[in-house]
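Undergrad: I would like to see how this sequence folds:
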Amino acid sequence: MNKNSIKLLQNWLNNYETIILHRHVRPDPDALGSQLAFKTLLKKMYPNKKVLAAGEMVDNLAFIGAMDDIEDADYENALVVVLDTANGPRIDDQRYSMGDKIVKIDHHPPVDQYGDINIVETQSSSTSEMIAELIIDFGYGQDYLNNDIAKCLYIGIVGDTGRFLFNNTSVRTMEIAGLLREYDFDHTAMINQMQQRSLKSIHFQGYVLQNFNYEDHVGSIFITLETLAQFDISANDASLFVNSMSDVEGIQAWVFAVDEGDQIRARIRSKRVSINELAARYNGGGHPMASGATVYSEQELNQLIAELKSIVN
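TA: Here you go, the predicted structure:
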């Protein structure tokens, strides 16, 4: 990471009395883990400062921690730090722009450098791994790491590496995970809690496995509003099953699309070809092997799937 940016960030953290932490909408374990670990770290470093976490919480990840109630007035002369978010429109709670200064900390390919400081490290497995590196770069190490910070960072790394199965898992990722595991938290119980699903969600997964399409090494499924209602499941909970078809023999990429009423959210995954440029053409972006896009009709979704087949084949 850029040492000058790290030093400037450290100076701003020292100088601002209010620090507000944001992350992306529909948070995953890395977004929440990095956000709440950084909050706990800053509260430990600066016990007299106001440090707040912004955004909506999703029920299945509430065990990681809680968000704060934030007033508009809190943003006056505040430092805003946005974690794990590639572009401004995806930031949960658009009041982030009301702060005095904005810092972006992210591991996605840079799409929108909206920060006054942009700390982007695409080689990191996760933003949680980046926060662990920041603690090391700050020189705080064992003085500031504790069980709560280690737990949040660990679950963030586990989430974004697919429990260390994805190809973004580096030697450094494993070194940091090993360091975090030295702290006292029940990692097995935490991972089980992260993976836990309701009975109706499991029934929905059965529907996905029986109804996805597979052609030319590409899998796809479109979850309609009627299907969501049939299984009494939210669009966000449905998206947790994006990798249900990933073990099909010969599959190279897949699209998991969910109708959210005013838009269709298409999650794209790949085992071989880069798909983030395709996602960018459809109002999205992300990693080369894991991206998201937004379309506004089933016809546009079918066009996206056709383009993905062309890329794969």
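Undergrad: Now for residue 108: which residues touch it?
TA: Residue 108 makes contact with 84, 85, 86, 120, 122, 285, 286, 287 under the criterion C-beta atoms under 8 Å, 6 or more residues apart in numbering. (Glycine included, C-beta is placed from N, CA and C.)
Undergrad: a strand runs through it, doesn't it?
TA: No - read with DSSP: H, G, I helix; E, B strand; the rest coil, residue 108 is coil and lies in no strand.
Undergrad: Look up how far residue 309 lies from it.
TA: Separation of residue 108 from residue 309 (C-beta to C-beta, to the nearest Å): 25 Å.
Undergrad: Using CSV, write out every CA atom in the helix or strand residue 153 falls within.
TA: Assigned by DSSP states H and E, residue 153 belongs to helix 147-160. Presented in CSV, the C-alpha positions along helix 147-160 are these (Å, rounded to 0.1, in the frame of the first residue of the first chain):
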residue,chain,number,x,y,z
ASN,A,147,-10.4,-10.7,20.1
ASP,A,148,-13.2,-8.6,18.6
ILE,A,149,-11.1,-7.0,15.9
ALA,A,150,-9.5,-10.4,15.0
LYS,A,151,-13.0,-12.0,14.8
CYS,A,152,-14.4,-9.4,12.4
LEU,A,153,-11.3,-9.5,10.1
TYR,A,154,-11.2,-13.3,10.1
ILE,A,155,-14.9,-13.6,9.1
GLY,A,156,-14.3,-11.0,6.4
ILE,A,157,-11.4,-12.9,4.9
VAL,A,158,-13.2,-16.2,5.1
GLY,A,159,-16.2,-14.7,3.3
ASP,A,160,-14.4,-13.2,0.4
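Undergrad: who touches it?
TA: 28-34, 36-37, 40-41, 44, 64-65, 125-129, 131-132, 135, 164, 166, 168, 173, 176-177, 180-185, 187, 190-191, 194.
Undergrad: Helices - which of these land there?
TA: 29-34, 36-37, 40-41, 44, 127-129, 131-132, 135, 173, 176-177, 180, 187, 190-191, 194 (DSSP state H).
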